[in-house]
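1. here's a sequence, model it:
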Amino acid sequence: MQVYQTQLVLSDFASLIRGEVNEEQVRAKVEGHLTPDYVKLDGSFAQEVESSEVKKQELKDMVESLQSTGVLTAISGVESPLVLSTLWQAGINFIQGFYISPPLEKMKYDFASEGL
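-> Presented below is the predicted three-dimensional model:
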């Protein structure tokens, strides 16, 4: 894929590895089959971290394991400031959800202001 200058995104990753959050198991899942550039975690994690310290730690461990392999992490389902704070502390690279912005009919971001 690098020959064609493309990147691989693995989506809903957490749903693939439920119960396998230690570093060796996560690396085996990722490195054993694919080498993604990005992993988008299942959005259910965003809802679960709000009410469970165990889930918060699982998320932090998973993010750390993925990032230790050079993978950037993303998650959807961010609907409250508490969840946003937890995800920030866990080190998630990219976030998505209604708390950030609801879906829009038209893209209103001014890319020209970013020099893109």
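
2. contacts and neighbour counts: CA atoms only from here.
-> Noted.

3. mind listing what's buried in the top helix by length along the chain?
-> Determined from DSSP state H, the single longest helix within the chain is helix 53-68. The neighbour-count check on helix 53-68 (16 or more other CA atoms under 10 Å) flags 55, 56, 58, 59, 60, 61, 62, 63, 64, 65, 66, 67 as buried.

4. who's in contact with the second one?
-> In this structure, residue 56 makes contact with 48, 49, 50, 86, 90, judged by CA atoms under 8 Å, 6 or more residues apart in numbering.

5. type out the ChimeraX command that picks the buried ones from these.
-> ChimeraX command restricting the contacts of residue 56 to the buried ones, with burial defined by 16+ other CA under 10 Å:
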select :49,50,86,90
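
6. now, the contacts of residue 56 that are in helices?
-> In helices, defined here by DSSP H, the members of these are 48, 86, 90.

7. would TSV of those with distance to residue 35 and pLDDT be doable?
-> Converted to TSV, these look like this (distance: CA to CA, whole Å; pLDDT from 0 to 100):
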residue	distance to residue 35	pLDDT
48	27	85
86	27	90
90	22	90
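
8. closest one of the residues you listed to residue 99?
-> Nearest to residue 99 out of the ones in helices among the contacts of residue 56 is residue 86 (CA to CA; 13.5 Å).

9. now render the contacts of residue 56 as JSON lines, adding distance to residue 40.
-> Rendered in JSON lines, the data for those read as follows (distance: CA to CA, whole Å):
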{"residue": "48", "distance to residue 40": "16"}
{"residue": "49", "distance to residue 40": "16"}
{"residue": "50", "distance to residue 40": "19"}
{"residue": "86", "distance to residue 40": "16"}
{"residue": "90", "distance to residue 40": "14"}
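
10. closest to residue 106 among the contacts of residue 56?
-> Using CA to CA, residue 86 is the member of these that lies nearest residue 106, at 29.6 Å.

11. could you measure from that closest one over to residue 54?
-> Counting by CA to CA, to the nearest Å, the gap from residue 86 to residue 54 is 13 Å.

12. same deal with residue 106?
-> Using CA to CA, residue 106 is found at 39 Å from residue 54.
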